[in-house]
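**Q** Please work out how this folds:
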Amino acid sequence: MRPLDLAVLVGYLGAVTVWGAWLGRGQAGARDYFLGSRNLPWWAVMLSVVATETSTLTFLSIPGVSYLGTLAFLQVTFGYLVGRVVVAALLLPAYRRGDLSTAYELLEARFGSGIRRLTSVVFMVTRLLADSVRLFATAIPLALLTGWSFPISVGVIGALTVVYTYFGGIKAVVWIDAVQMGLYLLGAVVAAVVLQGLVPGGWSEILTQAASAGKLQVFDTALDLGVAYTVWAGVLGGAFLSMASHGADQLIVQRLLTCRDVRASQRALVGSGVLVVAQFAVFLLVGLGLWSFYGGRTFDASDEIFARFIVEELPVGVTGLLIAGVLAAAMSSLSSSINALASASAYDLWAPLADARDDDRRILVAGRWFTLLWAVLLVGGALVFLEIGEGAAAVEVALGIASLVYGGLLGAFALGRFSTRADARSVALGMLAGIGVITWLWVFHRTAVAWPWYVLLGTSITSGVGWLAGRGRGSATDR
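**A** Here you go, the predicted model:
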């Protein structure tokens, strides 16, 4: 790495880490540490939500999607927006009425503490596996950009992230996420500006070439369950995926609970959906620019295309800025996972067992220990995957793990919200059936049913089995 690029990168990492730790000053209890005293501005939370769901893989991979194909991925983002609107209308008011600390606390009032613990543990296992794979896969392009080894790349991301997450809590996570989202979006815009100068005729010529090659297609109306990017899979599948990830996953729900009131939470959530559509449009357009610049050249992996452009074509200093953007995306995803896992562990598992539900100070101390524990587990999991192998398959594994269980989680919330027949036993059976069937599909029929359909199918199976096996309301006392 060139000296100026290294200086830009080191300066950014140092500033972010120190600022994040400083933001945690004055914390008195777990409410401050995990919920930001429920006093964070909605627009900062909105930016944090988008940064949380945007990993380094998204930053580097989405341009590769349009490079190899079209703009059809945008259909999924339309579904993401629809799903957020549904969550904002149906689930957020319920979360805010109960003054809840985690997403799964909502289920306790309806089905008892056993279902709360079950859903929380499902979330923890899923996050550990999926985010370990995501962190491992992040190290591959980062090693290409920096020249570091894979273990050093993982170690640097993990060490710096855990410092500001441990000291700063959710307040540091949200504010740094907001800054880091601005940085990697700036990086994408800078790349687009550079492409304007590198491609003869600029963006006018890029779009003309893309139109002639049929790469500007956004909508595909084919009704084929095996095709991932169609209107039906995008809008329906994307909506259910978004409802699960933003309504039943503590990773996102925790951020929405930091807003001042339900109206602010709704603004943050729906606004993030609009921003995600715009963000993915920028990433996909960069991919078209790269396709024109490289003349459709074949690469070993789609993730390599944007990474190689950053290293080989950008001016000195700008490369350092873009590498900082790659690290920003990685750190924002990891910090969010660590803090969400620690909050779920402290509130859903530790506090009830330690008889400390109302002891804010003790939950804070436990939460910080869980922060360190989950950081070690996530980094350790990434290093384990480094020993197994590397490549694009890791991204598929991460997406697959989340899709397998999201239907079960969303189905449990649907039963709690809309069914008077379901009870704790039937919800557990429904989740087992939903997750089991989708896992079977993923293992044996992956090409027949594309991943955007998994959450919709899993939710339907969980809800159907839970309703049929239910014996009536009143099981919340069954603990």
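**Q** From residue 239, how far off is residue 265?
**A** 19 Å (Cβ to Cβ, to the nearest Å). Using the backbone N, CA and C atoms, a C-beta is placed for each residue, glycine as well.
**Q** Next: residue 296.
**A** Taking Cβ to Cβ as the measure, residue 296 falls 33 Å from residue 239.
**Q** So between these two, which is more surrounded?
**A** residue 239 (24 against 13; other Cβ atoms under 10 Å).
**Q** CA atoms only for the strand or helix carrying the more buried one, dumped as CSV, please.
**A** Assigned by DSSP states H and E, residue 239 belongs to helix 238-247. Output in CSV follows, covering the C-alpha atoms of helix 238-247 (Å, rounded to 0.1, in the frame of the first residue of the first chain):
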residue,chain,number,x,y,z
GLY,A,238,-37.8,-9.2,-0.4
ALA,A,239,-40.7,-7.9,1.7
PHE,A,240,-40.8,-11.0,3.9
LEU,A,241,-37.0,-11.0,4.2
SER,A,242,-37.2,-7.4,5.3
MET,A,243,-40.1,-8.0,7.7
ALA,A,244,-38.0,-10.7,9.4
SER,A,245,-34.7,-8.9,9.5
HIS,A,246,-36.2,-5.6,10.6
GLY,A,247,-39.1,-6.8,12.7
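**Q** next one: that helix to chain centre, how far?
**A** A distance of 11 Å separates the centroid of the chain from that of helix 238-247, by Cα atoms, centre = their mean, to the nearest Å.
**Q** What residues of that helix count as buried?
**A** By neighbour count on 16 or more other Cβ atoms under 10 Å, the buried set for helix 238-247 is 238, 239, 240, 241, 242, 243, 244, 245, 246, 247.
**Q** Tabulate the residues you listed (a markdown table), appending pLDDT and distance to residue 325.
**A** Below are those laid out as a markdown table (pLDDT from 0 to 100; distance: Cβ to Cβ, whole Å):
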| residue | pLDDT | distance to residue 325 |
| --- | --- | --- |
| 238 | 87 | 25 |
| 239 | 91 | 29 |
| 240 | 91 | 30 |
| 241 | 87 | 25 |
| 242 | 90 | 24 |
| 243 | 91 | 29 |
| 244 | 89 | 28 |
| 245 | 86 | 23 |
| 246 | 90 | 24 |
| 247 | 87 | 29 |
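**Q** Just want the most central residue of this structure.
**A** The centre of the chain sits closest to residue 53, judged by Cα atoms, centre = their mean, with a distance of 2.8 Å.
**Q** mind checking pLDDT for it?
**A** At residue 53, the pLDDT value in this model is 82.
**Q** number of nearby residues for residue 446?
**A** Counted with other Cβ under 10 Å, residue 446 comes out at 13.
**Q** where does it fall, helix, sheet strand or coil?
**A** Classification of residue 446 using DSSP: H, G, I helix; E, B strand; the rest coil returns coil.
**Q** and it, what pLDDT?
**A** Note on residue 446: pLDDT of 73.
**Q** OK, contacts around it?
**A** Listed by Cβ atoms under 8 Å, 6 or more residues apart in numbering, residue 446 has no contact partners.
**Q** And it, how far from residue 438?
**A** 11 Å.
**Q** What of residue 44?
**A** Separation of residue 44 from residue 438 (Cβ to Cβ): 35 Å.
**Q** Looking at the two, which is more packed in?
**A** Applying other Cβ under 10 Å to residue 44 and residue 438 shows that residue 438 carries more neighbours, namely 27 against 20.
**Q** For that one, what is the enclosing helix or strand?
**A** Short version: residue 438 belongs to helix 424-444, going by DSSP H and E.
**Q** The nearest residue to residue 434 once chain neighbours are set aside sits in which helix or strand?
**A** In space, and not counting its chain neighbours, residue 434 is closest to residue 462: 3.3 Å by Cβ to Cβ, 6 or more residues apart in numbering. If you go by DSSP H and E, residue 462 is part of helix 454-468.
**Q** Give me the distance between that helix and the centre of its chain.
**A** Its chain's C-alpha centre and that of helix 454-468 lie 23 Å apart, by Cα atoms, centre = their mean.
**Q** from memory residue 136 sits against residue 379, does it?
**A** No. Under the criterion of Cβ atoms under 8 Å, residue 136 makes no contact with residue 379, lying 9.8 Å away.
**Q** overlap in contacts of the two?
**A** Shared contacts of residue 136 and residue 379, counting by Cβ under 8 Å, 6+ apart, come down to residue 154.
**Q** Settle it for me: which of those two has more neighbours?
**A** Neighbour count, other Cβ under 10 Å: between residue 136 and residue 379, residue 136 has more, with 27 against 23.
**Q** how close does the more buried one sit to residue 242?
**A** Residue 136 sits 25 Å away from residue 242, taking Cβ to Cβ as the criterion.
**Q** now swap in residue 180 and tell me
**A** The gap separating residue 180 from residue 242 is 22 Å, by Cβ to Cβ.
**Q** got a list of what residue 379 touches?
**A** Going by Cβ under 8 Å, 6+ apart, residue 379 touches 135, 154, 155, 158.
**Q** And it, which helix or strand is it part of?
**A** Using DSSP H and E, residue 379 falls within helix 360-388.
**Q** Pull the distance from that helix to the chain's centre.
**A** For helix 360-388, the distance to the chain centre is 18 Å (Cα atoms, centre = their mean).
**Q** Same check on stretch 419-430?
**A** Centroid separation between stretch 419-430 and its chain, computed with Cα atoms, centre = their mean, is 28 Å.
**Q** For that stretch, buried residues please.
**A** Within stretch 419-430, the residues that count as buried by 16+ other Cβ under 10 Å are 419, 422, 423, 424, 425, 426, 427, 428, 429, 430.
**Q** ok, now stretch 187-207?
**A** For stretch 187-207, by 16+ other Cβ under 10 Å, it's 187, 188, 190, 191, 192, 194, 195, 199, 203, 206, 207.
**Q** which of those residues lies closest to residue 308?
**A** Residue 308 lies nearest to residue 191 out of the buried residues of stretch 187-207, by Cβ to Cβ, at 12.1 Å.
**Q** Can you tell me the closest non-neighbouring residue to the closest one?
**A** Nearest non-adjacent residue to residue 191, counting by Cβ to Cβ, 6+ apart: residue 286, 5.4 Å away.
**Q** ok, now which ones touch residue 242?
**A** Contacts of residue 242 (Cβ under 8 Å, 6+ apart): 79, 80, 81, 82, 83, 84, 87, 273.
**Q** Just the buried subset of those residues, written out for PyMOL, thanks.
**A** Selection of buried members from these for PyMOL, criterion 16+ other Cβ under 10 Å:
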select buried, resi 79+80+81+82+83+84+87+273
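**Q** Max pairwise distance over the contacts of residue 242: which two?
**A** 79 and 87 (12.7 Å).
**Q** by how many degrees do the host helix or strand of residue 154 and helix 360-388 diverge?
**A** Following DSSP H and E, one finds residue 154 within helix 150-198. Angular relation of helix 150-198 and helix 360-388 on a 0 to 180 degree scale: 80 degrees, by axes from the mean of the first three to the mean of the last three Cα atoms, to 10 degrees.
**Q** if you average pLDDT over helix 150-198, what comes out?
**A** For helix 150-198, the per-residue pLDDT averages 88.
**Q** repeat for stretch 374-385
**A** Stretch 374-385 comes out at a mean pLDDT of 87.
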